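S.K.: what follows is a predicted protein model with its sequence.
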Amino acid sequence: MAACLRNTMNWLQELVLCLPTPASFNRVLLTCTFYKSTLLSKSSPPDPQAVSGNMASAVLLFLTVMLSPVCFGAPTKSLISVECQPAFGVAGQTTKISCSFKKNFEGNQDIFIIVGTVKRRGQTDPVFWFKNDVMNGDDRFKPASKNDPSLLLTDAAVSDGGQYDYTVLTNRGIIEDGTFRISVTAKYSKPIMSSLQKEVEDGGTADLYCNSSGGYPAGAIHWFDSTNTNWTMSATLEVTERKDQLLEMSSKLTFTSIDSSWAPFRCVVLNSKFVKEGEETFQPNIKVPDRSDTRSGGGGEFRLETKYVAPIVVIGSLIVGLLLVLLLRGRCKNQARRPSAVPILSDFRDAESGTAEDVTRALTEKKPTEEATEMMR
């Protein structure tokens, strides 16, 4: 029986050479190849009744394909077609590829799926194919339900993204124009912020880092300070691909002169559509130097900020210099007036040359004489 079946399959494949169009050849060849690989792949001797049933199924399937209007080439438009929507999946989750039959004939006749194959665009071997409940290839693919052209892809990965060709063999003919595209995205992890410097000097240089991984496609990292000022233009972003084709983003923000009043800093992770997927806040250890001199006195304390010291010193120096100039000018004026005091001093020297008794007598008199007055002068 096995030899008979093998001869029957070979006869069917030879018969397709008489078909009028290449499309008919491909359709029947697909049917024969499927049944040949399915029925003859078993190592154990086949059951005669099962073989007879399979032969009957093969002949019935062949006649179905042969008698379809597509095989005769009469109508230019297929009686049935399949339309699939683009599938957008998330890495690690189940993605549904929604497909539906489009009927080009009247009536409510049911459509039964016999065989289905999925190929990645540009490849010859199918990624996945099935016949009823028998499935081969990538076991992550499977039909959504019986006689439903929709498919399910479990545990989607970034590598699954791309264009696919979908061929379906039904009781109403074969459909070869099915196609769909899979796009897989992945959400980035919560960002991690750090600084290689254990301590940063206020006003000194500083490097801050923000890392996020496990996302796809490439996104962006933005930086903000406590005043919500965007520092992204001062940062550099590096994107690397992992073995699973997911991405890692690392951003470095460099300050040539950091200010403690800007802290804390915020790192925001955006996806490829600039939608926020996570954020983190970081407070670097900024060392603030001693900016004040504390002096006690008068029962209390006062602080003199270092940023005011320099202006005060300058202003004080100017005031001292101005006082010195004024003092020198006053001395110069006094030296210029001293010659006018010479006669007065000489009169006193003349008065001193007189006797003490004369001076006393002149002063004690009620009406000083002209001599006493002259001596006083």
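M.R.: Good, I have the coordinates. No experiment lies behind these values; they were computed from the predicted model shown.
S.K.: and the host helix or strand of residue 281, which strands flank it?
M.R.: Here residue 281 is covered by strand 276-282, with elements defined by DSSP states H and E. When pairs are called by DSSP bridges, strand 276-282 turns out to pair with strand 265-270 (antiparallel).
S.K.: so which bits of the partner strand are buried?
M.R.: 265-270 (16 or more other CB atoms under 10 Å). Yep, even glycine has a C-beta here, placed from its N, CA and C like the rest.
S.K.: average pLDDT for that strand?
M.R.: Averaged over strand 265-270, pLDDT sits at 97.
S.K.: who touches that strand?
M.R.: If you take CB atoms under 8 Å, 6 or more residues apart in numbering as the criterion, strand 265-270 is touched by 188, 191, 193, 208, 210, 212, 215, 219-226, 231, 249, 251, 253, 276-284.
S.K.: low pLDDT regions in the protein?
M.R.: 1-78, 107, 290-309, 333-377 (pLDDT under 70).
S.K.: packing partners of the lengthiest strand in it?
M.R.: Ranked by number of residues, the top strand in the chain under DSSP state E is strand 173-185. Strand 173-185 sits against helix 22-39, helix 69-72, strand 80-84, strand 87-90, strand 95-97, strand 162-170, with contacts defined as 3 or more CB pairs under 8 Å, 6 or more residues apart in numbering; DSSP states H and E.
S.K.: what segments of the stretch 101-250 of the chain are strands?
M.R.: Secondary structure of the stretch 101-250 of the chain (DSSP state E, counting those that start in this stretch): strands at 113-120, 128-131, 134-137, 141-145, 148-153, 162-170, 173-185, 192-194, 200-201, 206-215, 220-224, 235-241, 247-255.
S.K.: just put the buried residues of strand 265-270 in TSV and tack on distance to residue 86.
M.R.: As requested, the buried residues of strand 265-270 are exported to TSV (distance: CB to CB, whole Å):
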residue	distance to residue 86
265	39
266	36
267	33
268	29
269	26
270	23
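S.K.: just flag the most distant two among those.
M.R.: 265 and 270 (16.5 Å; CB to CB).
S.K.: so residue 279 versus residue 148, what's the distance?
M.R.: Distance check for residue 279 against residue 148: by CB to CB, to the nearest Å, it reads 42 Å.
S.K.: those two: who's more crowded?
M.R.: With neighbours defined as other CB atoms under 10 Å, residue 279 and residue 148 compare such that residue 279 has more, 18 against 14.
S.K.: got a list of what residue 87 touches?
M.R.: By CB under 8 Å, 6+ apart, the residues touching residue 87 are 95-98, 153, 180-183.
S.K.: and those, which are buried?
M.R.: The neighbour-count test (16+ other CB under 10 Å) applied to the contacts of residue 87 identifies 95, 97, 153, 180, 182 as buried.
S.K.: okay, now residue 216: neighbour count?
M.R.: Applying the criterion other CB under 10 Å, we find 23 residues in the vicinity of residue 216.
S.K.: again with residue 204
M.R.: As a burial measure, residue 204 scores 14 neighbours (other CB under 10 Å).
S.K.: next: the one 10 residues further on.
M.R.: Summarising burial for residue 214: neighbours were counted as other CB under 10 Å, giving 16.
S.K.: tell me how far it lies from residue 186.
M.R.: 6 Å.
S.K.: show me the common contact partners of the two, please.
M.R.: Contact criterion CB under 8 Å, 6+ apart; residues bridging residue 214 and residue 186 by contacting each: residue 246.
S.K.: ok, back up a step: which of the buried ones among the contacts of residue 87 lies closest to residue 105?
M.R.: residue 180 (23.8 Å).
S.K.: ok, that closest one - contacts?
M.R.: Taking CB under 8 Å, 6+ apart as the definition of contact, the neighbours of residue 180 are 84-87, 97, 99, 163-164, 166.
S.K.: with adjacent residues omitted, what lies nearest to it?
M.R.: residue 84 (3.6 Å; CB to CB, 6 or more residues apart in numbering).
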